[in-house]
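> please find the sequence and the predicted model below.
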Amino acid sequence: MPPIQVNDTTLRDGEQAAGVVFTVEEKVAFASLMSAIGVQELEVGVPAMGGAEAEAITQMTRLGLKSRLIGWNRALTSDLDASLACGLQRVHISVPVSDLQINIKFQGSRQRVLDALQKAITYGRDRGLYVSVGGEDSSRADTSFLLKLASMAQAWGASRFRFCDTVGVLDPFSTYSQVEQLVEQLTIPVEMHTHNDLGCATANALAGIRAGATSVNTTVNGLGERAGNAALEEVVMGLKQLYGLKIGIDTEKLQALSEFVIQATGWELPPWKAIVGKNAFAHESGIHGHGVLQNPSTYEPFTPEEVGGNRRFVIGKHSGKHLITDFFQQQGIQLSSEEARSLLDAIRKLSVELKRDLTPNELLNLVS
Ligand SMILES: CC(=O)SCCNC(=O)CCNC(=O)[C@H](O)C(C)(C)COP(=O)(O)OP(=O)(O)OC[C@H]1O[C@@H](n2cnc3c(N)ncnc32)[C@H](O)[C@@H]1OP(=O)(O)O
Ligand SMILES: O=C(O)CCC(=O)C(=O)O
């Protein structure tokens, strides 16, 4: 596989999640953190919004970060002026490519879309900008128009084309075949932008990469419009675990990044969230505990340390004697197997009554 890069859009599509606002300080701190852990590119926001958004982007451009910074724009020269005013050297220009979206935004005229795109690309290139182009709603577009627009964008000077599954309607198989055609048609890199409306965002991002895309949009915790985007932590660990690709991002910082976004949004994650959820490395069940105590690989695909997390053993309704014997041993209490058996009955009873796992104190009280 060719080298893959992440273009993380937590600061743009992530913040578009209904109800989320990052402060200027949070945006700047997040960008610095992402740069420090090796994320290659950051889509930092929408300069045309002005105000605090433009202020945050301007501050980020002055930091001299290692990550490349790119701003999101409509196909309007006024949007590009706003990006230039923030000091950005890279711009992403988005145009709708499905007829459904073209009807809403370009009066149903494909030609108007092409004209606006040509004008915007030329305007950006004339000012020395790196130009990436996004085909909004690519997955629902007429394929021949998508391929035509992408080829023309390349001819007009675009340096990358973004394939967007804007409303998350593809599965990995359809993603693969659509992206494969784009990759075959273009000489510029293709970037994946996938949404999670059907729970396929990460799988589709990886399928696009398998089809030849070399850049991928992610957001930390999968934050983003509606059901969110492909999660940074899932895509990076997917590339590493499934394809053996280490893309230069320090995976041991994934947990800290996730916590940063939880703090900044005020939104907790479901405990079962892949990679960074509270239960991603937690074990309560007897059979799992028995296995993990001997060899964590029995029920863990990789170590929690690899993603900056912790292994937790939880004692509750589903636990078995090995797990509770180990817990009490760590408290300096040796249990015979009969004692463990009778304690297990008490643990189950109390756990059912309380409808949850037991705390260390509750467990010690049961013994005393
Ligand atoms: C799939 C995506 O996530 S796309 C990114 C969407 N992100 C956002 O919308 C967040 C930031 N957006 C904003 O702050 C505002 O929408 C702004 C500043 C961009 C524009 O605000 P407003 O001028 O108030 O317009 P509003 O948002 O109501 O409508 C969008 C306008 O952009 C036009 N537009 C939409 N997409 C494009 C495009 N790719 N190229 C050119 N024009 C476009 C619409 O046709 C509409 O035009 P109109 O003002 O002439 O009717
Ligand atoms: O960059 C684009 O063209 C649109 C990106 C986007 O947010 C989407 O399609 O969901």
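Alright, I've got the coordinates. These numbers come from a predicted model, not from an experiment. Numbering: from 1, shown residues only. Ligands and ions are numbered 1, 2, ... in the order given.
> only C-alpha atoms from now on, for both contacts and neighbour counts.
Fine.
> count of neighbours near His193?
Counted by other C-alpha atoms under 10 Å, the residues lying close to His193 total 29.
> do you know how far Lys27 is from ligand 1?
As judged by C-alpha to the nearest ligand atom, to the nearest Å, Lys27 and ligand 1 stand 15 Å apart.
> for that residue, give me its contacts.
11, 56 (C-alpha atoms under 8 Å, 6 or more residues apart in numbering).
> you'd agree it is in a strand?
No: assignment of Lys27 by DSSP: H, G, I helix; E, B strand; the rest coil gives helix, placing it outside any strand.
> neighbours around the nearest residue to Glu225 once chain neighbours are set aside, how many?
In this structure, Glu225 finds its nearest non-sequential neighbour in Ala17, 4.4 Å apart by C-alpha to C-alpha, 6 or more residues apart in numbering. As a burial measure, Ala17 scores 18 neighbours (other C-alpha under 10 Å).
> what's the per-residue pLDDT of Ala17 here?
pLDDT, Ala17: 98.
> ok, now which ones touch it?
Listed by C-alpha under 8 Å, 6+ apart, the contact set of Ala17 reads 223-226, 228.
> verify the stated contact: Val21 with Trp267.
No: assessed by C-alpha atoms under 8 Å, Val21 is found out of contact with Trp267, at 11.8 Å.
> who has more neighbours out of the two?
Neighbour totals were compared for Val21 and Trp267, and Val21 leads with 15 against 12 (other C-alpha under 10 Å).
> what sits against the nearest residue to that one once chain neighbours are set aside?
Spatial nearest neighbour of Val21, excluding adjacent residues (C-alpha to C-alpha, 6+ apart): Glu15 at 6.1 Å. By C-alpha under 8 Å, 6+ apart, the residues touching Glu15 are 21-22, 223-224.
> what helix or strand is Leu100 on?
Per DSSP states H and E, Leu100 falls inside helix 99-105.
> buried stuff in that helix?
99, 101-102 (16 or more other C-alpha atoms under 10 Å).
> same question for stretch 15-29.
The neighbour-count criterion (16+ other C-alpha under 10 Å) identifies 15-17, 22, 24, 26-28 as the buried residues of stretch 15-29.
> can you redo these as JSON lines with distance to Gln181?
JSON lines is the format used below for the buried residues of stretch 15-29 (distance: C-alpha to C-alpha, whole Å):
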{"residue": "Glu15", "distance to Gln181": "31"}
{"residue": "Gln16", "distance to Gln181": "30"}
{"residue": "Ala17", "distance to Gln181": "31"}
{"residue": "Phe22", "distance to Gln181": "37"}
{"residue": "Val24", "distance to Gln181": "40"}
{"residue": "Glu26", "distance to Gln181": "39"}
{"residue": "Lys27", "distance to Gln181": "36"}
{"residue": "Val28", "distance to Gln181": "38"}
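> between those residues, which sits nearest ligand 1?
Gln16 (6.2 Å; C-alpha to the nearest ligand atom).
> does the closest one sit in a helix, a strand or a coil?
coil.
> how about the residues of the stretch 101-250 of the chain near ligand 2?
134-137, 164, 166 (C-alpha under 6 Å from any ligand atom).
> top of those by neighbour count?
Gly134 (27 neighbours).
> am I right that it is in a strand?
Yes: when classified by three-state DSSP, Gly134 is found to be part of a strand.
> in contact with it: list those residues for me.
Contact analysis of Gly134 by C-alpha under 8 Å, 6+ apart lists 92-95, 161-164.
> between those, which has the most around it?
Phe161 (30 neighbours).
> mind checking how far that residue is from Gly64?
26 Å (C-alpha to C-alpha, to the nearest Å).
> now do the helices in the stretch 151-300 of the chain.
172-185, 201-210, 232-243, 254-265, 286-294 (DSSP state H, counting those that start in this stretch).
> what comes up buried for the last one?
Applying a neighbour-count criterion of 16+ other C-alpha under 10 Å, the buried positions in helix 286-294 are 286-292.
> how far off centre is it?
Put simply, helix 286-294 sits 31 Å off its chain's centre (C-alpha atoms, centre = their mean, to the nearest Å).
> show me what from this protein comes close to ligand 1.
Near ligand 1, the residues belonging to the chain are 46, 48-49, 74-76, 94-96, 105, 166 when assessed by C-alpha under 6 Å from any ligand atom.
> return the subset of those lying in helices.
Within the residues of the chain next to ligand 1, residues falling in helices by DSSP state H are Lys105.
> alright, I will stop here.
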